[in-house]
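Undergrad: For reference, the sequence and a predicted model appear below.
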Amino acid sequence: MKVTVSRKAHFNAAHRLYRKDWSEDQNKTVFGKCANPYYHGHNYELIVHITGEIDPQTGYVMDMKILKEIIKAEVEDKMDHKNLNEEVAEFENLIPTAENMAVVIYNWLKPHFDSALALKITLYETPRNYVTFSG
Ligand code: NI
């Protein structure tokens, strides 16, 4: 019997959506206000979902204290109050859209979990816009 446990986290970050190999005009046409050269910020809401069997000894799918610590070390410490384009190496040549961020976060978290556990990422960029990625 598989059960999903989820943990919410929050971070603020700035980004700019643009391609270095496109002109200013082309970037503006595709990315609109998000191409603003002076950057802009979002209040990101992250939900990390872990699906697995209930451990008969503990009654847990996984210890939520450990999940909380992994999310803090791997996501909040790396992204909170950061300029994603300038300060997070993964986005040096990757546009920091919510889609790409969800994949980067998944790849940071995945190695920390037992292979019997399935990982899914939900990332809200605004209260109405969110992306999901499960590998
Ligand atoms: Ni944006």
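TA: On my side now, so go ahead.

Undergrad: ok, how many other residues are close to L17?
TA: 18 (other CB atoms under 10 Å). Glycine gets a C-beta too; all of them are placed from N, C-alpha and C.

Undergrad: What of L109?
TA: L109 has 20 nearby residues by other CB under 10 Å.

Undergrad: again with the one 10 residues further on
TA: For L119, the neighbour count with other CB under 10 Å is 18.

Undergrad: tell me the contacts of it?
TA: 48-50, 106, 109-110, 113, 134-135 (CB atoms under 8 Å, 6 or more residues apart in numbering).

Undergrad: Name the helix or strand for it, please.
TA: Per DSSP states H and E: L119 is located in strand 118-124.

Undergrad: List the buried residues for that strand?
TA: 119-124 (16 or more other CB atoms under 10 Å).

Undergrad: Just send these back as CSV, with pLDDT and distance to I95 too.
TA: Shown next, in CSV, are the buried residues of strand 118-124 (pLDDT from 0 to 100; distance: CB to CB, whole Å):
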residue, pLDDT, distance to I95
L119, 98, 23
K120, 98, 22
I121, 98, 17
T122, 98, 20
L123, 98, 15
Y124, 98, 18
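
Undergrad: ok, then the element right after the strand holding L119?
TA: Counting by DSSP H and E, what follows strand 118-124 is strand 130-133.

Undergrad: Export that following strand to CSV, keeping only CA atoms.
TA: What follows is strand 130-133, C-alpha atoms only, in CSV (Å, rounded to 0.1, in the frame of the first residue of the first chain):
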residue,chain,number,x,y,z
TYR,A,130,2.6,26.1,-11.0
VAL,A,131,4.6,23.3,-12.6
THR,A,132,5.0,19.6,-11.6
PHE,A,133,7.9,17.3,-12.3
